[in-house]
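[1] just a sequence and a predicted model for now, questions to come.
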Amino acid sequence: MSEIAIVGGGPSGSMCGEQLARAGHSVTIFDEHLAWEKPCGGGLTHKAIECFPFLLDNRHPKKLVHSIELISSNEQKATMEMSHPIVIYSRTVLNGLLLERAKEAGCKVACSHVIKVDTESEKPRYCVDGEWYGADFLVLAAGARNHLVPETRPLERDELEITQGYFVPETADAITIKFLPHFEGYIWSFPRWDHLSVGICGSMAAHTSTELRGHLQTFVDKHQICTDGAKFYSHILPSPQERTLSERTIVGKNWALIGDAAAWVDPLTGEGLFYAMKSGDLLGKALAEGCPEKYPAWVKASFSAELEFAARIVRRFYRGSFLGTAVTTRMVQLMRKSPVFRQLMGDIFSGTQDYTSLKRRIWDHLGVNVSEFIASVLKLDGPTPARVRRSSAAGD
């Protein structure tokens, strides 16, 4: 049995450990926090539930949300209903659920902090509390800012985003997303089972922590969300650029990166939980087959093309304009006027509509004005003649 050490017990590390333990490997997961909270929505889209049905079929407390209210920077509002709900967990609950599954599969879980790794030898080593230990393979899942990235580079400021938030003892039935003028990010309010996760995310290169906190305070004041006694959180998450996804090494001869450490996050929506779990699952399967070199190709086939597309358009989405008005404001206006466009946006948010098949749906099913708007944002060409499109359907 191979000895595999996983540094990080979040969703990606837990999923990877479960796969490997079920395949008969000896797996130890190291995490100094184990199940813990951090400022994020905690939402799982339909693609995550479809891929991992146990995330819905369990007794752990969760909230199923069917509607999202979008608020533009000039306070215009639109509400979209989703045919498939977003399932929202507290991160403490979700991480605990995934760690328990890893333990049940046979993983050892250690509440310890790995401070160094060495991958220069034939077998990798890792240092815990000043003592060095060996393994056959190291899985690095310790987050976006961890320094344990052998043979590759850490993420730079423009590849990271700041998140800040409160957990407020109130309840709600809908998700709220608020856009801000000239701001690369958004404010959110996600209803969890027994509280609200209210927070903000923004590019680390474009915005400061003080700026984010000011915007968040304005939002909670305007919406009369009481944060008295609520604990304030801050965290750093990846927000990959195109170069991040094409240049960084994610696997070596005896190590690999998964989850936030690999920057597997949608830079447009900030969704990371699905990509964390899926990357851990894929690496686990590749290692179980004894072929870690398959991992990058499997990731590319599964989801990295989606993230590359989002990275190409994210700045235009948040900073761009269409007919003299911010893209995000035009989006809200079109949602108010067009039921078809509103349904499209609901499918994107719920995870039933991917980016790569968006082009055909836009030109085939939306009106000319809406199609021109989306094409401008996404930098798409006009509709291809039907004869050509049939012969190249796989590339649309």
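    Structure received.
[2] which residue is nearest the centroid of this protein?
    Among the residues of the chain, the one closest to the centroid is Gly272, at 1.2 Å (C-alpha atoms, centre = their mean).
[3] now that one: closest residue in space, sequence neighbours ignored.
    Val265 (4.0 Å; C-beta to C-beta, 6 or more residues apart in numbering). Glycine gets a C-beta too; all of them are placed from N, C-alpha and C.
[4] test my guess that Ala256 contacts Gly280.
    No: the pair Ala256 / Gly280 is not scored as a contact, 10.1 Å apart, by C-beta atoms under 8 Å.
[5] between the two, which has more neighbouring residues?
    Remark: of Ala256 and Gly280, Gly280 carries more neighbours, 31 against 24, as counted by other C-beta atoms under 10 Å.
[6] the more buried one: which element?
    Element membership of Gly280, judged by DSSP states H and E, is helix 273-288.
[7] next: Ala205.
    Counting by DSSP H and E, Ala205 is part of no helix or strand.
[8] for it, which non-adjacent residue is spatially closest?
    Nearest non-adjacent residue to Ala205 (C-beta to C-beta, 6+ apart): Asp158, at 3.9 Å.
[9] which stretches in the stretch 51-200 of the chain count as strands?
    Ranges of strands within the stretch 51-200 of the chain are 63-71, 77-88, 108-110, 114-118, 125-128, 131-134, 137-140, 160-168, 175-178, 185-191, 196-203, based on DSSP state E, counting those that start in this stretch.
[10] of all those, which lies closest to Gly290?
    With C-beta to C-beta as the measure, strand 137-140 is the member of the strands of the stretch 51-200 of the chain nearest Gly290 (10.2 Å).
[11] how about Val220, nearest residue that isn't a chain neighbour?
    Distance criterion C-beta to C-beta, 6+ apart; nearest residue to Val220, sequence neighbours excluded, is Thr227 at 5.6 Å.
[12] coming back round to it: which strands and helices sit next to the helix or strand just after the helix holding Gly280?
    With elements assigned by DSSP H and E, the helix or strand that comes after helix 273-288 is helix 295-299. Using 3 or more C-beta pairs under 8 Å, 6 or more residues apart in numbering; DSSP states H and E as the contact test, the elements touching helix 295-299 are helix 273-288.
[13] which ones are touching the closest residue to Arg125 other than its chain neighbours?
    Spatial nearest neighbour of Arg125, excluding adjacent residues (C-beta to C-beta, 6+ apart): Asp118 at 4.5 Å. Each residue near Asp118 by C-beta atoms under 8 Å, 6 or more residues apart in numbering is listed here: 124-127, 132, 150.
[14] buried members of those residues into PyMOL, please.
    Those of the contacts of Asp118 that count as buried under 16 or more other C-beta atoms under 10 Å are selected in PyMOL with:
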select buried, resi 124+125+126+150
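[15] could you work out the most separated pair of the contacts of Asp118?
    Trp132 and Pro150 (14.8 Å).
[16] identify the bridge partners of the nearest residue to Ile187 once chain neighbours are set aside.
    Leaving aside its chain neighbours, Ile187 sits nearest to Lys178 (4.1 Å; criterion: C-beta to C-beta, 6+ apart). Beta-bridge pairing for Lys178 (DSSP bridges): Ile71, Ile187.
[17] ok, Lys178 - contacts?
    By C-beta under 8 Å, 6+ apart, the neighbours of Lys178 are 71, 186-188, 219.
[18] which of the residues you listed sits closest to Ile49?
    Using C-beta to C-beta, the contacts of Lys178 come closest to Ile49 at Trp188, 19.8 Å.
[19] closest to Cys107 among the contacts of Lys178?
    The shortest approach to Cys107 among these belongs to Trp188, at 32.2 Å (C-beta to C-beta).
[20] so who does Glu81 touch?
    Counted by C-beta under 8 Å, 6+ apart, Glu81 has contacts 66-67, 346.
[21] helix, strand or coil for Ile4?
    The three-state label given to Ile4 by DSSP: H, G, I helix; E, B strand; the rest coil is strand.
[22] now it: how far from Tyr275?
    21 Å (C-beta to C-beta, to the nearest Å).
[23] ok, the two, which is more surrounded?
    Just comparing Ile4 and Tyr275: by other C-beta under 10 Å the higher neighbour count belongs to Tyr275, 28 against 24.
[24] my guess is that one meets Thr269, correct?
    No: contact status for Tyr275 versus Thr269: not in contact, 11.0 Å apart, counting by C-beta under 8 Å.
[25] ok so, going back, who's in contact with the residue nearest to Val220?
    166, 168, 198, 220.
[26] name the member of those with the most neighbours.
    Ranked by neighbours (other C-beta under 10 Å), the contacts of Thr227 are led by Val198, which has 27 neighbours.
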